[in-house]
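In: need a 3D model of the following:
(one chain, ligands or ions: 1)
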Amino acid sequence: MNLDTLKKTLLELKAKAITEFKSADSRSDIDDIYRSFLGKKGEVNLLLKSLGSFPQEKRKEAGMLLNELKSDLEEAYLQITVSLSSKANQERLSNEKIDTSLPGFQARKGSVHPVSKTIKEICDFFEKMGFDVESGPEAEIDYYNFEALNVPEDHPAKDMHDTFYLNNAGLLRTHTSPVQIRTMEKRDAPHRIICPGKVYRKDSDLTHTPMFHQIEGLVVEEGASFSQLKGLLNDFLEDFFGEKVELRFRPSYFPFTEPSAEADIRWNKNWLEVLGCGMVHPNVLKGVGVDTKIYSGFAFGLGVERMAMLKYDIPDLRAFFENDIRFLNQF
Ligand code: PHE
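Out: Here you go, the predicted model:
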């Protein structure tokens, strides 16, 4: 081979490589083409091997021409690689384009939970009647949940409460009544307090959940009487339901009240129990240092879910705990 034929061959080779590169449309195509020209067994290397057949004085020039071709092809390879990847980028970007004319995602608005709403309605009424809102811990000790409320050790009333006991001798309060004790320990009589909160009992069926809400009311004043209690509850229930209610007291038993009653209201021709109440037992008042020659007291405890179900006509207790936004949005 002489220099002229070599030049011609190189030109043809270059043209062929560039056409092939241009028609490639994937990274692996390009790499295959690269190898077929510049790889170990590629066409450029084959030509290099043929350099030996050139006369000494032409060999250098032939070598330079081959190197030129080599760098031209490497350059072409680089260019096509870059342009292919920018083409891919472009495609990706145009696919990802945001259509700002599309409607947005609607953020679902929450609402006040019916239990919270009911607690607020009840506390609002009692605050207007001069009651202070008080709270206490949900993890209690036996003393506040039972003993100070006149429920001695081994008293059968303890079994009625289905208590959740904690590892460290504590328990989850079974009612909001311990807040009565905690408040009377903290402050001197007279007292008018209302205490909303969560309570816990080992009880779970269609009409009971292991956690529910109670509201405790306590009045300790000179001359606080059973008839006052009934009058107050009557006013409260009529305010809450926004209509006249028929209220009935039924004799009952709580260790911390004497006498005790359960209050029923007439609901669609039936009597329905809504709360427990009574005159605070002298043992309870004495235990927290209240002078029972001056003061007497009454207390009541009502179930919030029960009240909400009646007022808002909610047929199933479970609806309170499922957090279904369609249910919650009705309030
Ligand atoms: N603590 C009682 C209960 O959970 C209710 C109650 C409160 C009764 C205050 C009387 C006085 O059942």
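In: which residue ranges of the stretch 151-300 of the chain form strands?
Out: Remark: strands assigned in the stretch 151-300 of the chain by DSSP state E, counting those that start in this stretch are 171-172, 191-200, 211-221, 247-254, 257-267, 270-280, 296-303.
In: want to try TSV for those, with mean neighbour count and distance to the ligand as columns?
Out: In this view, the C-beta of every residue, glycine as well, is placed from N, C-alpha and C. TSV is the format used below for the strands of the stretch 151-300 of the chain (neighbours: other Cβ atoms under 10 Å; distance: least, Cβ to the nearest ligand atom, whole Å):
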stretch	mean neighbour count	distance to the ligand
strand 171-172	20	13
strand 191-200	21	7
strand 211-221	22	6
strand 247-254	15	4
strand 257-267	18	5
strand 270-280	19	3
strand 296-303	23	3
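In: just put those strands in CSV and tack on mean pLDDT.
Out: Below are the strands of the stretch 151-300 of the chain laid out as CSV (pLDDT from 0 to 100):
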stretch, mean pLDDT
strand 171-172, 95
strand 191-200, 98
strand 211-221, 98
strand 247-254, 96
strand 257-267, 96
strand 270-280, 95
strand 296-303, 98
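In: right, and these - which one's nearest Ser85?
Out: Set against Ser85 and scored by Cβ to Cβ, these come closest in strand 211-221, at 59.2 Å.
In: wait, what's in contact with the closest residue to Ser85 other than its chain neighbours?
Out: Of all residues not flanking Ser85 in the chain, Arg27 sits nearest, at 8.0 Å (Cβ to Cβ, 6 or more residues apart in numbering). Arg27 is in contact with Thr81, Leu84, Ser85, counting by Cβ atoms under 8 Å, 6 or more residues apart in numbering.
In: and what of Val304?
Out: Val304 touches Val115, Thr118, Ile119, Ile122, Pro196, Phe212, His213, Gln214, Ile215, counting by Cβ under 8 Å, 6+ apart.
In: returning to what we had before: give me the subset of the contacts of Arg27 that lies in helices.
Out: Thr81, Leu84, Ser85 (DSSP state H).
In: which among these end up buried?
Out: Buried members of these, counted by 16 or more other Cβ atoms under 10 Å: Thr81, Leu84.
In: got the contact list for whichever residue of the stretch 101-250 of the chain sits closest to the ligand?
Out: Closest to the ligand within the stretch 101-250 of the chain is His175: 3.3 Å, counting by Cβ to the nearest ligand atom. Under the criterion of Cβ under 8 Å, 6+ apart, the contact list for His175 reads Asn145, His161, Val199, Gln214, Glu216, Gly301.
In: is it true that Val219 touches Phe298?
Out: Yes. Contact criterion Cβ atoms under 8 Å: Val219 and Phe298 qualify, at 5.5 Å.
In: wait, what's in contact with the closest residue to Tyr200 other than its chain neighbours?
Out: Excluding the flanking residues, the one nearest Tyr200 by Cβ to Cβ, 6+ apart is Leu172, at 3.7 Å. Listed by Cβ under 8 Å, 6+ apart, the contact set of Leu172 reads Glu138, Ala139, Glu140, Thr163, Phe164, Leu166, Val199, Tyr200.
In: can you flag the buried ones in those?
Out: Neighbour counting with 16+ other Cβ under 10 Å marks Glu140, Thr163, Phe164, Val199, Tyr200 as buried within the contacts of Leu172.
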